[in-house]
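Can you look at this prediction? I've put the sequence above it.
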Amino acid sequence: MNRIRLAAGALVLVAAAVLFFVYRDANTVYAAFPGPCGDVSLPAATDVVDEQVFVEREPENRVVIQYTRQDGQRSQAVLPLKADPATCKDPRAQRILAQVQQELISLDRQMCDEVDSILKGKAKPVEKPGAPPFDRARVTRWFETYCAPKG
Amino acid sequence: MRRLGILVLTSILLLAAAIPGFAATTVKYYYPDHDFWWISHEANHASQVWTDSTDCSKEYWETQATEKTKSTTSNSPEMPDMPDGYNIRRYACDGSVAWSDGILYQYEDLATWQSHGHSYVGGVTYHFQAPSSWCSLVGATYPCGDHPVKIHINLDKWSGKTDQWKIHLLMHETGHATGLDDYCGQPSIMNNGATTCQNGNWSGEYYRSWDQAGVYNAYH
């Protein structure tokens, strides 16, 4: 009798686990492996009423695009952040990934340029509520770590 | 028999945990860590989120959207330790993201919009998780939220629309920026315009009590 109960319990747990993964995968289009972009396909541009993009850095290194369609159905596509955009099968995925990669380079450069100008006295540190007070020694160390040319 | 009961209960709980929003009554976004460091890490969440813009001619709508967002979330009983509400303010329109900016409104003509691979919607909110370098610059530990959030606005949809529509769009996307998801349970600034979402209703330029509760939950 105990064996039957245990078997039934194990069955319930397995069913729950299967349902978990079926549900998750039904709502997610994952790229198979990091590296190449993969064959993620995006919904038709005119079938979408709402779209958000989440650029997740380390350790995930992925771009999550979430869609709501005209009929209210939701889905998401996941692109590997460091993949070559040209390897994305979907042309819109190619454009999104290329743009995000370009944005990240530009954002990092902007931050270094801004701090460089402040350290050289060409610009004043912006004093805003919530921003930590400007600490020249700390910011100089930061600049040398993240912005100074290597080698 | 008791063991079986426990197993069934565990299975139900597992299923509940697997379904995003299963137990949620608010509109907090279910992705982790998509919020503003400025709000998260200050006592009483008093820090301001500053916006920048790529187009100075949009000042009227941006100011209306940020002021309505702030005024309809301040001193809310739903946000007891956030007396300043969603403390947002339009700061500049130089088009660049300073290290202390939170949001950039970025206006794009149709060609640019399509070249970025967007769907044909009014706006797309981009959450850029702050790099570890930025976290260390502000004295925070990685991960430390989003920096910046860029709200891309589709000028092809924007042109010809009413002031109300434009302000609503900016407020809706700004809601995404702070960590709110779409919400269809009741009339809300986070209704998404789908026919199945409050019959596609797209009006009411203010935060209702459940929207306020969503902001509160995003930071607690």
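Yes, it's here. Numbers count the residues shown, from 1 in each chain, chains lettered A, B, ... in the order given.

tally of neighbours for residue 143?
By default, I'm working from chain A. Neighbours of A:Phe143 under the rule other CB atoms under 10 Å in any protein chain shown: 18. Just so you know, the C-beta spots here come from the backbone N, C-alpha and C atoms, and that holds for glycine as well.

other chain: chain B
With other CB under 10 Å as criterion, B:Pro143 counts 19.

Kindly report the same for A:Pro133.
Using other CB under 10 Å: A:Pro133 sits among 7 other residues.

mind checking pLDDT for it?
In this model, A:Pro133 is scored at 75, pLDDT.

hey, where'd the strands end up in chain B?
Assigned by DSSP state E, the strands in chain B fall at B:49-53, B:88-90, B:103-108, B:123-129, B:146-154.

Where does the prediction get shaky in chain B?
Applying pLDDT under 70 to chain B flags residues B:1-33.

Of all the strands of chain B, which one comes closest to chain A?
Nearest to chain A among the strands of chain B is strand B:123-129 (4.7 Å), distances taken as CB to the nearest CB.

Could you list the low-pLDDT ranges of chain A?
For chain A, applying pLDDT under 70 flags the ranges A:1, A:11-35, A:127-132, A:149-151.

for it, what's the longest helix?
helix A:91-119 (DSSP state H).

Following the chain past that helix, name the next helix or strand.
Once the chain leaves helix A:91-119, the next helix or strand it forms, by DSSP states H and E, is helix A:136-146.

before we move on, the earlier item: dump the strands of chain B into CSV; add distance to chain A and mean neighbour count as well.
Compiled in CSV, these are given as follows (distance: least, CB to the nearest CB, whole Å; neighbours: other CB atoms under 10 Å in any protein chain shown):
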stretch, distance to chain A, mean neighbour count
strand B:49-53, 6, 24
strand B:88-90, 9, 20
strand B:103-108, 10, 24
strand B:123-129, 5, 24
strand B:146-154, 7, 25
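
From the contact counts, what lies against the longest helix of chain A?
On a contact count with 3 or more CB pairs under 8 Å, 6 or more residues apart in numbering or on different chains; DSSP states H and E, helix A:91-119 meets strand A:48-56, strand A:62-69, strand A:74-80, helix A:136-146, helix B:110-115, strand B:123-129, helix B:132-137.

Would you mind telling me which of those is nearest B:Asp146?
Minimum separation from B:Asp146 across these (CB to CB) falls at strand B:123-129, 4.8 Å.

For A:Thr145, see how far away whichever residue of chain B sits closest to chain A is.
Residue nearest to chain A within chain B: B:Ser47 (2.6 Å; CB to the nearest CB). B:Ser47 is 25 Å from A:Thr145, where distance means CB to CB, to the nearest Å.

higher neighbour count, these two?
Each of B:Ser47 and A:Thr145 has its neighbours counted (other CB under 10 Å); B:Ser47 has more, 22 against 11.

and that one, what are its phi and psi?
B:Ser47 adopts backbone torsions of phi -70, psi 150, taken as degrees, to the nearest 10.

and the strands of chain B as a markdown table, adding distance to B:Gln64?
What follows is the strands of chain B, written out as a markdown table (distance: least, CB to CB, whole Å):
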| stretch | distance to B:Gln64 |
| --- | --- |
| strand B:49-53 | 12 |
| strand B:88-90 | 10 |
| strand B:103-108 | 13 |
| strand B:123-129 | 15 |
| strand B:146-154 | 14 |
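
The ones you listed: which one's closest to B:Trp210?
Closest to B:Trp210 of the strands of chain B, according to CB to CB: strand B:88-90, at 19.2 Å.

What strands flank that closest one, and is each parallel or antiparallel?
Paired neighbours of strand B:88-90 in the sheet (DSSP bridges): strand B:49-53 (parallel).

could I have the strand it pairs with exported to PDB, CA atoms only?
C-alpha atoms of strand B:49-53 as PDB (Å, rounded to 0.1, in the frame of the first residue of the first chain):
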ATOM      1  CA  VAL B  49      14.400  60.300 -11.400                       C
ATOM      2  CA  TRP B  50      15.500  62.800 -14.100                       C
ATOM      3  CA  THR B  51      14.500  62.700 -17.700                       C
ATOM      4  CA  ASP B  52      16.300  63.900 -20.800                       C
ATOM      5  CA  SER B  53      15.000  64.100 -24.300                       C
END
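
Run the chain-centre distance for that strand.
Computed by CA atoms, centre = their mean, to the nearest Å, the chain-centroid distance of strand B:49-53 equals 13 Å.

Give me the contacts around it.
With CB atoms under 8 Å, 6 or more residues apart in numbering or on different chains as the test, strand B:49-53 has contacts from A:128, B:36, B:38-39, B:59, B:62, B:66, B:86-98, B:100-107, B:174, B:177-178.

Restricted to buried residues, select those residues in ChimeraX.
The ChimeraX selection below is limited to those of the contacts of strand B:49-53 classed as buried (16 or more other CB atoms under 10 Å in any protein chain shown):
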select /A:128 /B:36,38,39,62,66,86,87,88,89,90,91,93,97,98,100,101,102,103,104,105,106,107,174,177,178
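
who's in contact with the nearest residue to A:Pro91 once chain neighbours are set aside?
Leaving aside its chain neighbours, A:Pro91 sits nearest to B:Gly117 (7.8 Å; criterion: CB to CB, 6 or more residues apart in numbering or on different chains). The contact partners of B:Gly117, by CB under 8 Å, 6+ apart, come to A:42, A:91-96, A:99.
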